[in-house]
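[1] for reference, the sequence and a predicted model appear below.
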Amino acid sequence: MVTTQTPDIVDPYDGTDSVDERGIFANGRVKFEDENARGTAFWPRTTKRLGSEVKFDLLVDGNIPTRMPLIFVDNAAANNKTAVELICKHYNKLGSSTASSFVPDLTEARFGGAKLTYAPESQAGDTQFETQSVVNRWFSVRKGGVPKARSP
């Protein structure tokens, strides 16, 4: 990540907002639908509306720039199994083009045709492909390894 400082953001702990159909409060906080979830996850926003998320500057493969919003997860949520699973589900729904909650601007990194390396190379460039964009997904990793892949 290249970004070292964000603009002033809306207070994600201001609980006076209504929640939208995607489960996001106007201040960017993600609504947890389970009483066992602890902590807070939020999309840093500069105003109380979808589309005002802070875009972070990132370098992929060490030199390919892109910008995209990142979801912030506090320590309590990061260490709560239920919260982590809900955050993953929330994020993945936003990136699923078949879901009514589809918001590619929150989960897609755009590269404009840059060559990205997708695996260790045997020969220079043999695992590089021109890439327009990548839709990111999250998975909750449990003790014992990575869960089996599931379809969206």
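    Looks like it arrived, so ask away.
[2] how far out from the middle of the chain is the strand or helix carrying Ala83?
    Counting by DSSP states H and E, the element that carries Ala83 is helix 81-94. Its chain's average C-alpha position is 10 Å from that of helix 81-94, according to C-alpha atoms, centre = their mean, to the nearest Å.
[3] next one: stretch 32-47
    On the basis of C-alpha atoms, centre = their mean, stretch 32-47 sits 13 Å off its chain's mean C-alpha point.
[4] start to end distance for that stretch?
    Distances were taken as C-alpha to C-alpha, to the nearest Å; on that basis the terminal residues of stretch 32-47 are 21 Å apart.
[5] which positions within that stretch qualify as buried?
    Phe32, Ala37, Arg38, Gly39, Thr40, Ala41, Phe42, Trp43, Pro44, Arg45 (16 or more other C-beta atoms under 10 Å). All C-beta spots, glycine's among them, are computed from the backbone N, C-alpha and C.
[6] state the distance from the first one to Glu121.
    Phe32 sits 42 Å away from Glu121, taking C-beta to C-beta, to the nearest Å as the criterion.
[7] and which of the buried residues of stretch 32-47 is nearest Asn92?
    If you rank the buried residues of stretch 32-47 by distance to Asn92 using C-beta to C-beta, Ala41 comes first, at 13.4 Å.
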